[in-house]
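Novice: Below are the sequence and a predicted model; questions follow.
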Amino acid sequence: MQVPEELKYTESHEWIRVEGDRCRVGITEFAQSQLADLTFVDLPEVGSTVSAGDEVAVVESVKAASDVYSPLSGEILEVNENLSGSPERINEDSFGEGWLFVLKPENPADLDGLLDAAAYRALLPSE
Amino acid sequence: MIPARFCTFSEPLSYPEAVLLQERLVRSRIRDEIQDTLLLLQHPPVITLGRRGRTDFVRADDETLQRAGIALHTSSRGGDVTYHAPGQWVLYPVLKLGPAEMGTHGYLNALEEIAIRTARSFGIEAFRREGKAGGWCDQGKFAAIGFKFTRWVTWHGMSLNVKPDLRGFDLIIGCGLQGERVCSFESVLGADCPDMNRVAETLRNCCGSILRRELTTVSVEDL
């Protein structure tokens, strides 16, 4: 199971890529594999303000819906519009093309509270 | 075996009340304030739409539904449209899934297994259909599935037709599956259809063994 070293993570299986003063967010390879083939994604609104832990997106496979949580407080700058027609991108490339949204953290120091790759890897069931 | 509470409702519970109750249980379960809790209940007639909420799967207009005494609600669960009514058992397991249990496939499979094993215990030759989740037999689909994970705590779940008035299903395209028939234990077994209590007991036993939970019966007041 891939857990890229350069990313930050949450216990609820989101990943965070720091890009200057912005953060790109998606769900991990583990999360997508647990949810099976995704058929629907509900993304947050660009410009909305969110708090860490808020339910900001929903991903859905055939019979299951699951919430995605904002890893940080801040403003949603961008969402991945390409997903609405092809949510399977999340399954195919969860750390790349399958990103969900970009957010500007209210307080960049909050990033220190996120998990690094080693800590996240430790949460995953042993293969 | 993981300890869990099991509550069977003797009276139908409205859909919005059942959602509120589950939301409360899910919040408490996430915080480890309660054990896993399974609800088994019946709803007054209601059509519910999954998150994708495609109203084109509902064939009746609002006035027709109102006249028939059927409510319409959107739901946070996965899956498409379905119909609930008295005579149908609805199972809502609120379970914190452990690392080994996590995942749509495993949980979906477990709910299907509960439906299928329950039906078989009453002599129905029930089976799975690849890509068409639920409980099936030659006469059609007798169990529908749609659930949600909130921080890997499950809610919503499965409904199983024992002897509801199946005409309600004519008003929808169940689960968005055009041309698929819906059936019930009664439509398959006729006079041999078991009563609701016997089916509830079997469902409970299957929940315990398939979900690997040690069940304790609790009353509605204890929830």
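Specialist: Nice, thanks for sending it over. Because the structure is a prediction, the values reported are computed rather than measured.
Novice: Strands along chain A, start to end?
Specialist: A:8-9, A:14-19, A:22-27, A:38-42, A:49-50, A:55-61, A:64-69, A:74-79, A:101-105 (DSSP state E).
Novice: for chain B, that is, sorry about that
Specialist: B:2-8, B:36-41, B:46-49, B:71-74, B:82-84, B:88-94, B:135-137, B:140-150, B:153-161, B:213-217.
Novice: B:Arg151: what's it in contact with?
Specialist: Contacts for B:Arg151 (Cβ atoms under 8 Å, 6 or more residues apart in numbering or on different chains) come out as A:12, A:67, B:30. (Glycine included, C-beta is placed from N, CA and C.)
Novice: one more time with 10 Å, if that's ok
Specialist: A:11-13, A:53, A:55, A:66-67, A:69, B:26-27, B:29-30, B:96-97 (Cβ atoms under 10 Å, 6 or more residues apart in numbering or on different chains).
Novice: confidence score at it?
Specialist: You'll see B:Arg151 listed with a pLDDT of 87.
Novice: near chain A, which residues of chain B?
Specialist: B:50-52, B:75-80, B:97-108, B:111-112, B:131-134, B:144-152, B:154, B:156, B:158, B:175 (Cβ under 10 Å from any Cβ of the partner chain).
Novice: Buried only: go through these for me.
Specialist: B:50-52, B:75-80, B:97, B:101-104, B:107-108, B:111-112, B:133-134, B:144-152, B:154, B:156, B:158, B:175 (16 or more other Cβ atoms under 10 Å in any protein chain shown).
Novice: for A:Tyr120, what are its contacts?
Specialist: A:3, A:7-11, A:13-15, A:28, A:30, A:114.
Novice: For chain B, give the helix that spans the most residues.
Specialist: helix B:104-121 (DSSP state H).
Novice: how distant is that helix from the center of its chain?
Specialist: Using Cα atoms, centre = their mean, to the nearest Å, the mean C-alpha position of helix B:104-121 is found 11 Å from that of the whole chain.
Novice: try stretch B:205-212
Specialist: That offset, for stretch B:205-212, works out to 15 Å (Cα atoms, centre = their mean).
Novice: Same question for stretch B:89-101.
Specialist: That offset, for stretch B:89-101, works out to 12 Å (Cα atoms, centre = their mean).
Novice: what does stretch A:47-62 give?
Specialist: Chain-centre distance of stretch A:47-62: 9 Å, with Cα atoms, centre = their mean.
Novice: Just the buried positions in that stretch, please.
Specialist: The neighbour-count check on stretch A:47-62 (16+ other Cβ under 10 Å) flags A:50, A:52, A:55-62 as buried.
Novice: That one - what's its average pLDDT?
Specialist: For stretch A:47-62, mean pLDDT is 94.
Novice: of the contacts of B:Arg151, buried ones?
Specialist: Of those, these count as buried by 16+ other Cβ under 10 Å: A:12-13, A:55, A:66-67, A:69, B:26, B:29, B:96-97.
Novice: Do you know the pLDDT at the residue nearest the centre of chain A?
Specialist: The C-alpha lying nearest the average C-alpha coordinate of chain A belongs to A:Gly26 (Cα atoms, centre = their mean; 2.4 Å). Looking at A:Gly26, its pLDDT is 98.
Novice: before we move on, the earlier item: can you tell me which of the contacts of A:Tyr120 lies closest to B:Gln88?
Specialist: A:His13 (34.2 Å; Cβ to Cβ).
Novice: Ignoring the adjacent residues along the chain, who's closest to the closest one?
Specialist: A:Ala31 (3.7 Å; Cβ to Cβ, 6 or more residues apart in numbering or on different chains).
Novice: so which of the strands of chain A comes closest to B:Gln42?
Specialist: Once the strands of chain A are compared by Cβ to Cβ, strand A:64-69 is nearest, at 23.3 Å.
Novice: residue contacts, B:Gly146?
Specialist: By Cβ under 10 Å, 6+ apart, the residues touching B:Gly146 are A:60, A:62-65, B:48, B:50-51, B:75-82, B:108, B:111, B:133-134, B:156-159, B:175.
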